[in-house]
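[1] let's see this in three dimensions:
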Amino acid sequence: MASNILRICIVWLSLSASAFASDSLPDRVERWMDSVVLLIVGPGWCSGVVIDDEGTVATAYHCVASGLRSEVHTHDGMRHMGKTVAALPKDDIALLSVPGLAGTVPPLEIRDSTPRRGETVYGLGHPFAPFADRSPAMEGMLTWSVTRGIVSNVGPRLLQTDAALNPGNSGGPVVDEDGRIVGITSRKLGGDNVAFLSTAKNLQGLVDSGKKPRLIGGVVGMNLSIVMPQDTSASGIGLGLGTTIRDRVVLNGELFLSGVSEDAAIRYGDVWTP
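    Got it, this is the predicted structure:
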């Protein structure tokens, strides 16, 4: 009897160890990455994440503010076109409809509770993506990368993190230990490891609103490099001018010197006309 109990205990411990090993952090990261997409909007490179079974992609508003076509690349190498269907410019959140992803790319869950300072988080996305594969040494680098940090501070509209988030991470998800989205990468300061996320609450609010953008005047713009300084990949001067979204006329401009410090960027604001 004792030997049978011992054998059962050994089998149970073996199965438990196997289950634990199969859910190691590297395994979880691999699963999370399947939900991350690469966005190419004109000359700009950004990140995004699938959030439902219908192929809805969440990203940063500034990634799609130019109104240019959004090309969506998946982890398995597929390419689709996306259409902006909702946005909150003031919270730097946008949603894209990508029907080609419906039922084919697993979504990540949006966390419904606010994270606390000190929680471990993981940033997923494509830092400096335009430089990927430009030399043999860089093969397989940069795109679909993961970084780790903590929640540094919590505000009503933004989360601060020390995770290493760089140009190209914009629009990508930052997740907790369970792979739930706690925020969408939005911006950073010029110092090291001071980045900001638009909160999961902002994202869920946009999802729940169900409001679609009503395009009246379209987009007027000129781009020599890229729309936002956070995602610039070449030196130059650029000017981007707004869109009409969510039943309001929005003038959202960015004047910047790319290839210079992000501190050189001049944002002249969001002008709202009811």
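
[2] what about G125, distance to V37?
    9 Å (CB to CB, to the nearest Å). C-beta here means a position set from N, CA and C on the backbone, and glycine is covered the same way.

[3] which neighbours do the two have in common?
    Counting by CB atoms under 8 Å, 6 or more residues apart in numbering, the shared contacts of G125 and V37 are S47.

[4] hang on, D176 packs against V121?
    Yes: counting by CB atoms under 8 Å, V121 is a contact partner of D176 at 6.0 Å.

[5] neighbour count for these two, which is higher?
    Set D176 next to V121 and count neighbours by other CB atoms under 10 Å: V121 wins out with 23 against 19.

[6] now the more buried one: which helix or strand?
    Per DSSP states H and E, V121 falls inside strand 120-125.

[7] what comes up buried for that strand?
    Of all the residues in strand 120-125, those buried under the rule 16 or more other CB atoms under 10 Å are 121-125.

[8] coming back round to it: which neighbours do D176 and V121 have in common?
    Joint contacts of D176 and V121 (CB under 8 Å, 6+ apart) are 115, 182.

[9] any weak-confidence spans in this structure?
    Within the chain, the stretches with pLDDT under 70 are 1-22, 211-274.

[10] mind checking the SS state of G100?
    Put simply, G100 is helix when judged by DSSP: H, G, I helix; E, B strand; the rest coil.

[11] for the one 4 residues further on, same thing?
    Reduced to three states with three-state DSSP, the structure at T104 is coil.

[12] measure it to V154 for me?
    Applying CB to CB to T104 and V154 gives a distance of 35 Å.

[13] which SSE is immediately downstream of the strand holding V121?
    Downstream of strand 120-125 (by DSSP H and E), the next one is strand 145-154.

[14] output the contacting helices and strands for that next one.
    helix 25-33, strand 120-125, strand 158-161 (3 or more CB pairs under 8 Å, 6 or more residues apart in numbering; DSSP states H and E).

[15] take those and lay them out in a markdown table including distance to L142.
    Below are those laid out as a markdown table (distance: least, CB to CB, whole Å):
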| stretch | distance to L142 |
| --- | --- |
| helix 25-33 | 13 |
| strand 120-125 | 10 |
| strand 158-161 | 20 |
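
[16] out of those, nearest to S47?
    Of all the helices and strands packed on strand 145-154, it is strand 120-125 that lies closest to S47, at 3.3 Å by CB to CB.

[17] just want the angle from that closest one to strand 145-154.
    Per axes from the mean of the first three to the mean of the last three CA atoms, to 10 degrees, the angle that strand 120-125 makes with strand 145-154 is 130 degrees.

[18] so what are the sheet partners of strand 120-125 and their directions?
    Here strand 120-125 has these sheet partners by DSSP bridges: strand 145-154 (antiparallel), strand 173-175 (antiparallel).

[19] excluding sequence neighbours, find me the nearest residue to W144.
    Using CB to CB, 6 or more residues apart in numbering and skipping residues adjacent in sequence, the residue nearest W144 is M33, 5.1 Å away.

[20] count of residues packed around that neighbour?
    M33 has 15 neighbouring residues, counting by other CB under 10 Å.

[21] how much space is there between it and S113?
    Going from M33 to S113 by CB to CB gives 24 Å.

[22] do the same with A163
    For A163, the distance to S113 (CB to CB) stands at 19 Å.

[23] which one of these two has more residues nearby?
    Ranked by neighbour count (other CB under 10 Å), A163 and S113 place A163 first, with 22 against 10.

[24] for that one, helix, strand, or coil?
    Classification of A163 using three-state DSSP returns coil.

[25] which ones are touching the closest residue to S145 other than its chain neighbours?
    Among residues not flanking S145 along the chain, P127 sits closest, at 5.8 Å (CB to CB, 6+ apart). P127 sits next to 142, 145, 147, 164-169 when contact means CB under 8 Å, 6+ apart.

[26] also M141?
    Neighbour list for M141: 132-133 [criterion: CB under 8 Å, 6+ apart].
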